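*Asks:* Curious how this folds, go ahead:
(2 chains)
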Amino acid sequence: QKEVEQNSGPLSVPEGAIASLNCTYSDRGSQSFFWYRQYSGKSPELIMFIYSNGDKEDGRFTAQLNKASQYVSLLIRDSQPSDSATYLCALNTGGFKTIFGAGTRLFVKA
Amino acid sequence: DTGVSQNPRHKITKRGQNVTFRCDPISEHNRLYWYRQTLGQGPEFLTYFQNEAQLEKSRLLSDRFSAERPKGSFSTLEIQRTEQGDSAMYLCASSFGQGGSSYEQYFGPGTRLTVT
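*Replies:* Residues are numbered from 1 along each chain as shown, chains lettered A, B, ... in the order given. Have a look, this model is predicted:
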């Protein structure tokens, strides 16, 4: 079992819809969770981080964490074509190493 | 530009040659990370520095890879006797952190290595 699992996609949503991206992880000791956006040919860009169970909102983005079920999700409201990218879920288990998933490709249709 | 910078942006080398990449982190960041990313995969952790100390190194990293961060500022990653399997994007990231916690990291543009 991979440490961080993401559906590779592509996830296709129409413009203006809510995009829901999910991530599950295997290590119950994981403490910090991050979502990065990566455009093709570019480096990852931090979107959100979440440390506690529940929801965290920032503009059109909401991160949700459920440690009991070992999943973290990212909701993108009012999706725009510019949101089309690969979204990487990452976590830290308390040490210095950050573990990334393989990413989910999102395509927002105009 | 106050972000993370990496040089060179692209490197083409022949198998067996040595290559060195440089990373300049955000100035106030004490933590520096190196990752490797191949097509369709997320970044794979290589090594971590806190200030000038290399505190963690991936077990996947062979002895051909070495990294330094003299004086806790810029860092270099050297690959000796390159192999075709080393072809990848090498990413550097930095963050500010204290204690044992990991904080959000900011990535540089990466160095794309092609080994022919």
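*Asks:* export stretch A:40-53 as CSV, just CAs?
*Replies:* Backbone C-alpha positions of stretch A:40-53 (Å, rounded to 0.1, in the frame of the first residue of the first chain) are rendered in CSV as follows:
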residue,chain,number,x,y,z
SER,A,40,2.4,21.2,-16.5
GLY,A,41,6.2,21.9,-16.6
LYS,A,42,6.1,24.0,-13.5
SER,A,43,7.1,23.3,-9.9
PRO,A,44,4.5,22.6,-7.1
GLU,A,45,2.8,25.6,-5.5
LEU,A,46,1.4,25.4,-2.0
ILE,A,47,-2.4,26.0,-1.9
MET,A,48,-3.5,24.9,1.6
PHE,A,49,-2.2,23.2,4.7
ILE,A,50,-4.2,21.7,7.5
TYR,A,51,-3.2,20.2,10.8
SER,A,52,-6.5,19.6,12.7
ASN,A,53,-9.6,17.6,12.0
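*Asks:* Which residues does residue B:10 form beta bridges with?
*Replies:* residue B:112 (DSSP bridges).
*Asks:* how far away is it from residue B:75?
*Replies:* 19 Å (C-beta to C-beta, to the nearest Å). To be clear about C-beta, it is placed using only N, CA and C from the backbone, and glycine gets the same treatment.
*Asks:* Comparing those two, which residue is more hemmed in?
*Replies:* A side-by-side neighbour count of residue B:10 and residue B:75, using other C-beta atoms under 10 Å in any protein chain shown, places residue B:75 first with 24 against 9.
*Asks:* Sounds good, over and out.
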